[in-house]
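Q: Predicted model and sequence follow; I will ask about them next.
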Number of protein chains: 2
Amino acid sequence: MKKVPEPTVKRLFHYYRCLKECEDNMSCEYICSDLLGEKTGIKSNLLRRDLSFFGHMGRKGKGYNISKLKNNLEKIIGLNNQWNIALVGAGNLGTALMRYNNFKKMGLNIIEVFDNDLDKIGRKIDGYIVKNAKFIQEVINKKDIKIVIIAVNDNDIDNLLNQIKDTNIKAVWNLSSSHINLGDNVVVVKGDLCCSLGSLIYNINN
Amino acid sequence: MKKVPEPTVKRLFHYYRCLKECEDNMSCEYICSDLLGEKTGIKSNLLRRDLSFFGHMGRKGKGYNISKLKNNLEKIIGLNNQWNIALVGAGNLGTALMRYNNFKKMGLNIIEVFDNDLDKIGRKIDGYIVKNAKFIQEVINKKDIKIVIIAVNDNDIDNLLNQIKDTNIKAVWNLSSSHINLGDNVVVVKGDLCCSLGSLIYNINN
DNA sequence: TCACGAATGAGAATGTGTTCACATGCACGA
DNA sequence: TCGTGCATGTGAACACATTCTCATTCGTGA
């Protein structure tokens, strides 16, 4: 299969979520690219191109079967599996993530929470008992965790990375402002909050 | 001036923050693109191209003057001004943002917090008194707020948008999962948390 | 069964962003 | 002051992503 562009991948999720809503709230069985595009804010042309990377998803003259397309996208993205996640950082942002219900709906389960603040370790937050960050490596290996969310302040990142380096994790979602490099085998997605606001400010100014 | 690509804009902030660190922690006055690139995880080639959009920022054979470049980027991005921000949504995510110190360091000030949950309205969170969301329009106009952060659950977005529509705001940072359209005069930056995890999962799977 | 309308999907063209290669100019030591 | 080396910055090539256009196919109604 032809390589799927990264922007396309990002949009897949929008389609997926929108289709899920349609499935629940709409009476009809099919949706055309114009409507789906309008709902997601993506041009219908582009939407069709995106979907066509994965084969013939629709029916000419009719549109896309909502449930079928939804299920296909679910598999394509990988949301049909359950993913165990470790959250590092039980501060404000971390706590918000623990309580963020939408993750669970997607099959994304935060199953362990770590911190290196002694005040937090051992405390129970939203059902999670915060563990000492020095056990990360051990726990990740034991529980076969594949995804790590980093939501800590920037000072102690290096220690963390050393701990994580020799595990079998596949991806890191980096909400800190530090640059992370864990080699070619680990996907790192940046999610630095400041950065988004930075580009927003630039665009206001120019 | 030639149009600056959006990816470049996003990277500017990384350079800026890194330079700020260098200013504090390094003894030397100049930094070369190789080193700055390594620190930020961006190829030095690309970095030089990015900076060159804004004129001659460095000295051949020597590198970039750390403080000078930092100050230049500050102006280019627009971080030398103070920006008043309204936060909509005093839930977990909203609260995390109120407490997120890095924004203040950037000159980004959340000065008002709104919600439409009666349990939250009137309460004091982290120094902010949560106001009723129905006063958004009034307050935005009065306080000359230019940026709105949307951190609410998705059900009540439409009401919000109607309130915001007729104000003079310039940008919205949309952390909800709904698609927002406020015309061509308002910059909307998407920050949907689920979406990032979605593309992460895809990349693990493929 | 045929004709017409609707909507997909793909080739080609365009637009956008990154990388390559190297000319240019500055720094520094002899 | 001259020559060598270093690092920037830029034109050109390339790679990537979006848009345009339209052939194709299916559905529907006469």
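A: Yes, it's here.

Q: Near DNA strand C, which residues of chain A are found?
A: Contact residues, chain A versus DNA strand C (CB under 7 Å from any atom of the strand): A:32-34, A:44-45, A:48-49, A:51-52, A:56-64. Every residue, glycine included, has its C-beta placed from N, CA and C.

Q: so where does the residue nearest to residue A:50 when sequence neighbours are not counted fall, helix or strand?
A: Spatially, and ignoring its direct neighbours in sequence, residue A:50 is nearest to residue A:8 (4.6 Å; CB to CB, 6 or more residues apart in numbering or on different chains). According to DSSP states H and E, residue A:8 maps onto helix A:6-25.

Q: If you count contacts, what does that helix end up packed against?
A: helix A:33-40, helix A:44-52, helix A:66-77, helix B:193-205 (3 or more CB pairs under 8 Å, 6 or more residues apart in numbering or on different chains; DSSP states H and E).

Q: Distance to DNA strand D, mean neighbour count and mean pLDDT added to the ones you listed, as CSV?
A: Below are these laid out as CSV (distance: least, CB to the nearest atom of the strand, whole Å; neighbours: other CB atoms under 10 Å in any protein chain shown; pLDDT from 0 to 100):
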stretch, distance to DNA strand D, mean neighbour count, mean pLDDT
helix A:33-40, 10, 19, 97
helix A:44-52, 4, 16, 98
helix A:66-77, 13, 18, 97
helix B:193-205, 12, 21, 95
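
Q: Now distance to residue A:151 too, for these, in CSV please.
A: Formatted as CSV, the helices and strands packed on helix A:6-25 follow (distance: least, CB to CB, whole Å):
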stretch, distance to residue A:151
helix A:33-40, 28
helix A:44-52, 30
helix A:66-77, 23
helix B:193-205, 11
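
Q: Residue B:92 is nearest to which of those?
A: helix B:193-205 (11.1 Å; CB to CB).

Q: Report the angle between that closest one and helix A:66-77.
A: 60 degrees (axes from the mean of the first three to the mean of the last three CA atoms, to 10 degrees).

Q: quick one: is helix B:193-205 near chain A?
A: Yes. Under the criterion of CB under 8 Å from any CB of the partner chain, chain A is reached by helix B:193-205 at B:193-205.

Q: Can you tell me which of the residues you listed is nearest DNA strand C?
A: residue B:199 (16.3 Å; CB to the nearest atom of the strand).

Q: quick one: contacts for the closest one?
A: A:6, A:9, A:10, A:12, A:13, A:189 (CB atoms under 8 Å, 6 or more residues apart in numbering or on different chains).

Q: filter those down to the ones near DNA strand D?
A: Answer for the contacts of residue B:199 near DNA strand D (CB under 7 Å from any atom of the strand): residue A:6.

Q: Tell me the buried residues within the contacts of residue B:199.
A: A:9, A:10, A:12, A:13, A:189 (16 or more other CB atoms under 10 Å in any protein chain shown).

Q: Could you find the closest non-adjacent residue to the fourth one?
A: Of all residues not flanking residue A:13 in the chain, residue B:198 sits nearest, at 3.4 Å (CB to CB, 6+ apart).

Q: Please verify my assumption that that neighbour contacts residue A:15.
A: No. Using CB atoms under 8 Å, residue B:198 is not in contact with residue A:15; the gap is 10.5 Å.

Q: which neighbours do these two share?
A: Joint contacts of residue B:198 and residue A:15 (CB under 8 Å, 6+ apart) do not exist.

Q: Please identify the helix or strand for the spatially most central residue of chain A.
A: The centroid of chain A falls nearest to residue A:173 when counting by CA atoms, centre = their mean (7.5 Å). Applying DSSP H and E as the criterion places residue A:173 in strand A:171-174.

Q: Check which helices and strands that strand sits against.
A: strand A:147-150, strand A:187-190, helix B:193-205.

Q: so which of those comes closest to residue B:109?
A: helix B:193-205 (23.1 Å).

Q: With just CA atoms, put that closest one into CSV.
A: Taking Å, rounded to 0.1, in the frame of the first residue of the first chain, the C-alpha atoms of helix B:193-205 are listed here in CSV:
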residue,chain,number,x,y,z
LEU,B,193,-6.1,15.5,23.1
CYS,B,194,-7.7,12.4,21.8
CYS,B,195,-6.6,13.1,18.3
SER,B,196,-2.9,13.1,19.2
LEU,B,197,-3.3,9.7,20.8
GLY,B,198,-5.2,8.5,17.8
SER,B,199,-2.4,9.3,15.4
LEU,B,200,0.1,7.8,17.8
ILE,B,201,-1.8,4.5,17.9
TYR,B,202,-2.0,4.4,14.1
ASN,B,203,1.8,4.8,13.9
ILE,B,204,2.4,2.0,16.3
ASN,B,205,0.2,-0.3,14.3
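
Q: Now find how far off-centre it is within its chain.
A: 21 Å (CA atoms, centre = their mean, to the nearest Å).

Q: ditto for stretch A:93-109
A: That offset, for stretch A:93-109, works out to 10 Å (CA atoms, centre = their mean).

Q: Then stretch A:100-114?
A: The answer for stretch A:100-114 is 10 Å, by CA atoms, centre = their mean.

Q: Pull out the buried positions in the helix or strand containing residue A:113.
A: Using DSSP H and E, residue A:113 falls within strand A:108-115. Going by neighbour count (16+ other CB under 10 Å), the buried part of strand A:108-115 is A:108, A:110, A:112, A:113, A:114, A:115.

Q: Who are the contact partners of residue A:129?
A: A:113, A:122, A:123.

Q: same thing but at 7 Å, please
A: Contacts for residue A:129 (CB atoms under 7 Å, 6 or more residues apart in numbering or on different chains) come out as residue A:122.

Q: ok, back up a step: which of the contacts of residue B:199 sits closest to DNA strand C?
A: residue A:6 (10.6 Å).
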